[in-house]
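Enquirer: Would you be able to build a 3D model of this:
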Amino acid sequence: MSSQGEGVDRVRWRRAMDAALYGPGGFYVRPGGPGPAGHFRTSVHASPLYAGAVARLLEWVDAELGHPAELDLVDMGAGRGELLAGVLAALEPGTVARLRPYAVERAERPAGLDPRIRWVAAPPDRATGLLFANEWLDNVPLEIAEDGRYVMVAPDGTERPGGPLDGADRAWLERWWPGGGRAEIGRARDEAWAAAAGTLERGLAVAVDYVHTRDARPPYGTLTGFRAGREVPPVPDGTCDVTAHVALDSCAGPGAVLLTQREALAALGVSGARPPLALAGADPVAYVRALSAAGEAAELTDRAGLGAFGWLVQPVGIPAPAWPGRPAAH
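Expert: Have a look, this model is predicted:
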C-alpha cells in the first residue's frame with residue numbers, strides 16, 4: 001500500500017469513489033461529457049443484438065404478467081439511454097404502446113433522447129415489468145480493506161492504512177471474502193441491489209456486470225480506472241471511471257439465478273454461428289447481414305470477454321425463467 005503524499009487528506013475509498021464519480025464535476029455527472037460510451041465499450045454499445053435480447057426478455061416478462069395495461073422497463077445506470085432506445089426499436093408497436101421506459105441516472109438528460117423515455121434519479125416504486133442494470137453495480141462505491149483495516153486514499157490515489165473494520169463490514173468479509181489480504185467489501189452493492197429490486201411489485205430484476213464469486217475471489221482485488229478507452233490507475237479525482245468487479249453471489253436474493261452472459265444470451269436467441277454458405281449464393285446481401293450479426297454475437301458471447309460477464313436474474317412475484325441447467329443461487 002502506497003504511503004506517499006504525507007500531509008494529504010485521505011478518506012475511505014467508498015467516500016472517495018462517490019465524490020469522484022457523482023460529486024460536483026464528477027466523472028459521470030459532468031455536464032457535456034460523452035457518457036460511458038466515450039470511455040469504455042459495453043455490450044449495449046457492441047451490438048443492437050444486445051438490446052434485442054433484452055427486448056425478448058421483456059416480452060417473456062410481459063407474458064408472465066398477463067400483458068398488463070402498463071408495462072415498466074427500468075434501466076439502472078442508463079448512461080445516455082442507449083439501451084432503452086434499442087429496446088424500443090426492437091419491440092412490436094403494440095408492446096411499445098403499453099411500455100413505460102425509465103432511465104435511472106444521476107447525469108442530466110441528454111439532448112435528443114426519445115421523449116417517451118422518462119429520465120429519473122431513482123427507480124419508480126411498485127413497478128411492474130423488467131428492471132435491468134447493465135454495468136451499474138460496478139460503479140456503486142464500496143470500501144476497500146486490507147488486513148482487517150479500511151484503506152484510506154488521497155485524490156492522487158496514494159493510500160495508507162485506516163482504522164479497523166466495523167462489525168457489519170467485518171461480517172461481510174468473513175462470509176463472502178474470507179482469507180485476509182486486500183479485499184473489496186461488497187456490502188454497499190448488496191444494499192443497492194436489494195433497494196433497486198425492492199421497487200418491483202412484480203416482474204424480473206436483472207443485474208449484468210463484471211463478476212467474481214466466493215470460490216474465486218481475486219487475491220488483490222479488481223479496483224481499476226478507465227479513461228478514453230484505456231485502463232488507467234484508479235485515481236479518485238474525477239478524471240476517470242473508478243470501478244471494481246461485483247460479488248454478484250452476495251447480492252443474490254431468494255430465487256435468484258446466476259449465469260454467464262454467454263448462457264443468458266444463448267437462451268435469448270443470440271448465436272455466433274456463421275450463416276450457411278448456401279445463403280451467399282441465394283441472397284448475397286442477406287448473407288453479408290447475417291455474417292455481420294454472427295460476428296457481433298460472437299463478441300457478446302466470447303468466453304474470454306463480454307460472454308464471461310455475470311447475469312443475476314431475480315424474479316419478483318413471477319416464476320424464474322427456465323435457464324437450462326442453472327439452479328437458483330439460494
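
Enquirer: When you work out contacts or count neighbours from here on, use the C-alpha atoms and nothing else.
Expert: Noted.

Enquirer: wait, doesn't residue 157 sit right on residue 238?
Expert: No: if you go by C-alpha atoms under 8 Å, residue 157 and residue 238 don't touch, sitting 11.3 Å apart.

Enquirer: So the two - more neighbours on which side?
Expert: residue 238 (23 against 18; other C-alpha atoms under 10 Å).

Enquirer: Can you name the residues that contact the more buried one?
Expert: 19, 20, 21, 25, 26, 27 (C-alpha atoms under 8 Å, 6 or more residues apart in numbering).

Enquirer: Identify the bridge partners of the nearest residue to residue 162 once chain neighbours are set aside.
Expert: Using C-alpha to C-alpha, 6 or more residues apart in numbering and skipping residues adjacent in sequence, the residue nearest residue 162 is residue 150, 4.9 Å away. Judged by DSSP bridges, the bridge partners of residue 150 are residue 145.

Enquirer: burial measure for residue 150, as a count.
Expert: The number of residues near residue 150, taken as other C-alpha under 10 Å, comes to 24.

Enquirer: Provide a list of residues in contact with it.
Expert: Here residue 150 is in contact with 12, 143, 144, 161, 162, 163, 164, 165 (C-alpha under 8 Å, 6+ apart).

Enquirer: a strand runs through residue 52, doesn't it?
Expert: No: looking at residue 52 with DSSP: H, G, I helix; E, B strand; the rest coil, it is helix, so not inside a strand.

Enquirer: Flag the shaky bits of the chain, pLDDT-wise.
Expert: 1-8, 33-41, 272-273, 275-281, 283-295, 324-330 (pLDDT under 70).

Enquirer: what residue is smack in the middle of it?
Expert: residue 135 (2.0 Å; C-alpha atoms, centre = their mean).

Enquirer: what sits opposite the closest residue in space to that one that isn't next to it in sequence in the beta ladder?
Expert: If the residues on either side of it in the chain are set aside, residue 135 comes closest to residue 209, at 4.8 Å by C-alpha to C-alpha, 6+ apart. Beta-bridge partners recorded for residue 209 (DSSP bridges): residue 310.

Enquirer: Touching, residue 209 and residue 246? I think so.
Expert: Yes: if you go by C-alpha under 8 Å, residue 209 and residue 246 touch, sitting 6.7 Å apart.

Enquirer: shared neighbours, the two?
Expert: Contacts common to residue 209 and residue 246, judged by C-alpha under 8 Å, 6+ apart, are 137, 138.

Enquirer: on that earlier part again, between the contacts of residue 150, which sits nearest residue 314?
Expert: residue 143 (25.2 Å; C-alpha to C-alpha).

Enquirer: What values do phi and psi take at that closest one?
Expert: phi -80, psi 150 (degrees, to the nearest 10).

Enquirer: All good on my end, thank you.
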